[in-house]
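Student: would you be able to build a 3D model of this:
(chains A and B)
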Amino acid sequence: MTDLPGFPSRRSFLKASAAGVAISGFALAATAQPAPPIQLDQYQPVYFSDVEWAFVLAATARLIPSDGEGPGAIEAAVPVFIDRELTGDFGTAVDWYMQGPHNAAADPLLGWQTPLTPAQIYREAIPVVNAWCEEVHGAIFADLAPDQQDAVLTAMQEGEVELAPEIRDFFKILLQNTKEGYFADPIYGGNAGMAAWAYIGFPGARAAYKEWVGRHNIAYPLGPVSISGDRA
Amino acid sequence: MKTILRVIGGAAVLGAAGLAAFVFVPVQRTAAVTDLPADWTAPEGAGEYVMYAGDCMACHTAEGGQPFAGGRAIHSPMGTIWSTNITPDPETGIGGYSLDEFRAAMIDGIRADRAHLYPAMPYENYRLMTEEDIRALYQYFMEDVQPVNNAVEATALSFPFNMRFGIRAWNWLALSHDAGPAVSGDTPEDRGAYLVDGAGHCAACHSPRTAFMSQDGITKADANYLTGGEVDGWHAPALRGPGSAPKVWAVEEMAAYLSTGRNAHSAANGEMGLVVRDSLQHLTDEDNLAIATYLRTMDGAPETASVAEAATTTETMLTEATDLDLGARLYLDNCSACHFVDGKGAAEIFPELANNSIVTAPQIGGLANVILHGAELPSTEHRPMKLKMQGYADRLSDEEVAALATFLRQAWGNDAPPVAAADIAPFRAQAAH
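Tutor: Below is the predicted model:
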């Protein structure tokens, strides 16, 4: 998969995370009291409408299901991350070149060609997918059974759900944002309690492993630490 | 009965007369310790050098203000003292001061109008300066400093400290030593002692204070001289005695600390960072080496550094990372990327935390401030980089800072008492130095 604009390359991610560690002390709120974990059922979406929220809850719950070995997208509060992300720089494409001419149907190798921002794509694509679900399965996505939802997501991935060129990348963006919300630092709303990090054994923003470089085949004993200093 | 009344009356009259004399009879100025010819002039640059050695800039220049135009708030236990304008402006500065009046301010703490200066002015120490240095300094302020018309806020302490004549009695205690240098000779040790005791006024912070708030230790002859003091909740570490930095660091390392604010062991923070920035970096290498030599040798042979076994124990615990209390875990999560599991940091960049006087100080203010609000090294000519440590006020609660501070104070052989969360709280609202 090619990088979407605004999606960091591996190199820029490494650079950005090094800088993030360096500046993290200045960027945070002026209190050391850790934010209470987000209760998904009490969360008031900032960007999504009720119908959109129901869709994102249901879709992310199937992309990273809760019945696997690790936490699912719901336990990790991934939908909160996406809701916040879409109101931020990424969602509003604030630092992308978004002037015309636009040829949304251009070869995907030419990158982002739609005039829509990611937030606008969610807004326009979700009703189309829901309409497709009603037509094929008799209910909107959120009301389908899990195996039906899996079938819809697979159809979206295969391009079998007809989407206009302007919103054709919706599934790709949704999947990418779901992974981001699962693995990003909890400061952005997802990865609640660093559950995803703990699951894969990533020790977080500690940035001090000099002693471990040569210690092969010894399990690293510490749980992760987040940018805001929380421990898990 | 009449006799008793007469005695009481007589005593009252005598007392009133005595009090009136105490308040109104002008105080005498100390004469120059050396008779210099009237036409004596200081060599080029000598006066400015004495100004740097005496760090006049630090107090007599307001933040963002004109040099030496005064108006900086000096916080004292008695209230705020506003530093005065010492530019040669005749109206608001010292332009009207004669040499004798200037000298009296420097060594007796007496203004031109014979009122007493508050001892925020370290005339207890400047008293030990040579006449040559005082005249050079006078010449510098009169001829080289630009006059600035700047009327500073008058110091208004609350009663009884607003009665300046009371300082007369205080001076009987504080100025019991003779004017003029306590050392003679041209050895580096003597030159170091002269700078430390006189212009450098190190004892103003690094000696404790007596019950009357005068310096408890002006020269080496005094028992508590340079055994550590307190400034604004920070501990000014002892400069003599077992484990003190001058005993543990090599002369060259101490001289590097003085001239650049950093060396293989430590970094100058808080008030000391300002002293390096405004004063010590402007001294010659010879003078900083002389100060370091004097401090290292004044009480006999220096110690040889020993590697504490406790240092290895802490290092092993942090390396294994299997059985950590909260403080040690916080150290790994927040500190060890720069200060490392051996607590040694990196020479001239990250200060060593083992045997670090800020870490192990009796007053927690320095350590709490650095953890909460970070620190910044002064930029000096030899080491211009203002290395900065971020603050952790937003990452750590008071309980966590206390646990971390307690860990630091007992790690790598450090042996200082633990810290409670309540000790940290007062420093959270305080801005960083």
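Student: state the distance from the residue of the stretch 1-150 of chain B found nearest chain A to B:L274.
Tutor: In the stretch 1-150 of chain B, no residue comes nearer to chain A than B:E63, which is 22.1 Å away by Cβ to the nearest Cβ. C-beta: built from backbone N, CA, C; applies to glycine. B:E63 sits 11 Å away from B:L274, going by Cβ to Cβ, to the nearest Å.
Student: of those two, which one has the most company?
Tutor: More crowded of B:E63 and B:L274, by other Cβ atoms under 10 Å in any protein chain shown: B:L274, with 17 against 7.
Student: excluding its backbone neighbours, what's nearest the more buried one?
Tutor: Leaving aside its chain neighbours, B:L274 sits nearest to B:A58 (6.0 Å; criterion: Cβ to Cβ, 6 or more residues apart in numbering or on different chains).
Student: show me what contacts that neighbour?
Tutor: For B:A58, the contact set (Cβ atoms under 8 Å, 6 or more residues apart in numbering or on different chains) comprises B:L274, B:V275, B:D278, B:S279.
Student: output the residues you listed as JSON lines; include the columns pLDDT, distance to A:F55 and secondary structure.
Tutor: JSON lines is the format used below for the contacts of B:A58 (pLDDT from 0 to 100; distance: Cβ to Cβ, whole Å; DSSP: H, G, I helix; E, B strand; the rest coil):
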{"residue": "B:L274", "pLDDT": "92", "distance to A:F55": "60", "secondary structure": "helix"}
{"residue": "B:V275", "pLDDT": "95", "distance to A:F55": "64", "secondary structure": "helix"}
{"residue": "B:D278", "pLDDT": "94", "distance to A:F55": "64", "secondary structure": "helix"}
{"residue": "B:S279", "pLDDT": "96", "distance to A:F55": "67", "secondary structure": "coil"}
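Student: want to try TSV for these, with distance to A:A77 as columns?
Tutor: Listed next are the contacts of B:A58 as TSV, based on distance: Cβ to Cβ, whole Å:
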residue	distance to A:A77
B:L274	47
B:V275	51
B:D278	52
B:S279	55
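Student: and the host helix or strand of B:V50, what other elements does it pack with?
Tutor: According to DSSP states H and E, B:V50 maps onto helix B:46-54. Judged by 3 or more Cβ pairs under 8 Å, 6 or more residues apart in numbering or on different chains; DSSP states H and E, the packing partners of helix B:46-54 are helix B:131-143.
Student: run the angle between the helix it packs on and helix B:46-54 for me.
Tutor: Per axes from the mean of the first three to the mean of the last three Cα atoms, to 10 degrees, the angle that helix B:131-143 makes with helix B:46-54 is 100 degrees.
Student: may I ask which helix or strand encompasses the residue minimising distance to the centre of chain A?
Tutor: Using Cα atoms, centre = their mean, the residue of chain A that lies closest to the mean C-alpha position is A:N177, 2.5 Å off. For A:N177, the host element (DSSP H and E) is helix A:170-183.
Student: with only the CA atoms kept, save the helix or strand just after that helix in CSV.
Tutor: Next in sequence after helix A:170-183, counting helices and strands by DSSP H and E, comes helix A:195-200. Provided in CSV are the C-alpha atoms of helix A:195-200 (Å, rounded to 0.1, in the frame of the first residue of the first chain):
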residue,chain,number,x,y,z
ALA,A,195,-3.4,-2.0,26.4
ALA,A,196,-2.2,-2.4,22.8
TRP,A,197,1.4,-1.7,23.8
ALA,A,198,1.3,-4.1,26.7
TYR,A,199,-0.2,-6.8,24.4
ILE,A,200,2.7,-6.6,21.8
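Student: which strands or helices does helix A:195-200 pack on?
Tutor: By 3+ Cβ pairs under 8 Å, 6+ apart, helix A:195-200 packs against helix A:170-183.
Student: list the buried residues for the helix it packs on?
Tutor: Residues A:170-171, A:173-183 are the ones in helix A:170-183 that count as buried (16 or more other Cβ atoms under 10 Å in any protein chain shown).
Student: and stretch B:171-185, how far out from the chain middle?
Tutor: Taking Cα atoms, centre = their mean, to the nearest Å, one finds stretch B:171-185 lying 19 Å from the centre of the chain it belongs to.
Student: should've said stretch A:84-93
Tutor: For stretch A:84-93, the distance to the chain centre is 11 Å (Cα atoms, centre = their mean).
Student: now do the end-to-end distance for that stretch.
Tutor: Its start and end residues considered, stretch A:84-93 measures 14 Å (Cα to Cα, to the nearest Å).
Student: what does it contact?
Tutor: A:6, A:46-48, A:95, A:117-119, A:122, A:177, A:180-181, A:188-189.
Student: if we go to 10 Å?
Tutor: In this structure, residues lying in contact with stretch A:84-93 by Cβ atoms under 10 Å, 6 or more residues apart in numbering or on different chains are A:4-7, A:45-48, A:52, A:56, A:82-83, A:94-96, A:98, A:112, A:114-123, A:173, A:177, A:180-181, A:184, A:188-190.
Student: then stretch B:62-74?
Tutor: So stretch B:62-74 is contacted by B:51, B:56-61, B:80-89, B:92-94, B:118, B:120-121, B:141, B:145-153, B:155 (Cβ under 10 Å, 6+ apart).
Student: and the closest residue to B:W170 other than its chain neighbours, how many neighbours?
Tutor: Distances taken as Cβ to Cβ, 6+ apart put B:F212 closest to B:W170, at 6.4 Å, once the chain neighbours are dropped. Using other Cβ under 10 Å, B:F212 has 10 other residues around it.
Student: can you name the element that comes right after the helix holding B:V50?
Tutor: According to DSSP H and E, the helix or strand after helix B:46-54 is helix B:56-60.
Student: how about that following helix as PDB, C-alpha atoms only?
Tutor: In PDB, the C-alpha atoms belonging to helix B:56-60 read as follows (Å, rounded to 0.1, in the frame of the first residue of the first chain):
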ATOM      1  CA  CYS B  56      27.800  44.000  40.900                       C
ATOM      2  CA  MET B  57      25.700  43.300  37.800                       C
ATOM      3  CA  ALA B  58      23.700  40.500  39.400                       C
ATOM      4  CA  CYS B  59      21.900  42.700  41.900                       C
ATOM      5  CA  HIS B  60      22.200  46.200  40.500                       C
END
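Student: how about the residue nearest to B:W170, what does it touch?
Tutor: B:A169, B:W170, B:L173, B:A174.
Student: A:A208 versus that one, what's the distance?
Tutor: Distance of B:F212 to A:A208, computed by Cβ to Cβ: 49 Å.
Student: just A:D41 next, same as before
Tutor: Relative to A:A208, and taking Cβ to Cβ, A:D41 is found at 37 Å.
Student: name the nearest residue to B:M106, ignoring sequence neighbours.
Tutor: For B:M106, the spatially nearest residue (Cβ to Cβ, 6+ apart) is B:Y126, at 4.6 Å.
Student: and for that neighbour, the neighbour number?
Tutor: Each residue near B:Y126 was counted by other Cβ under 10 Å, and the total is 23.
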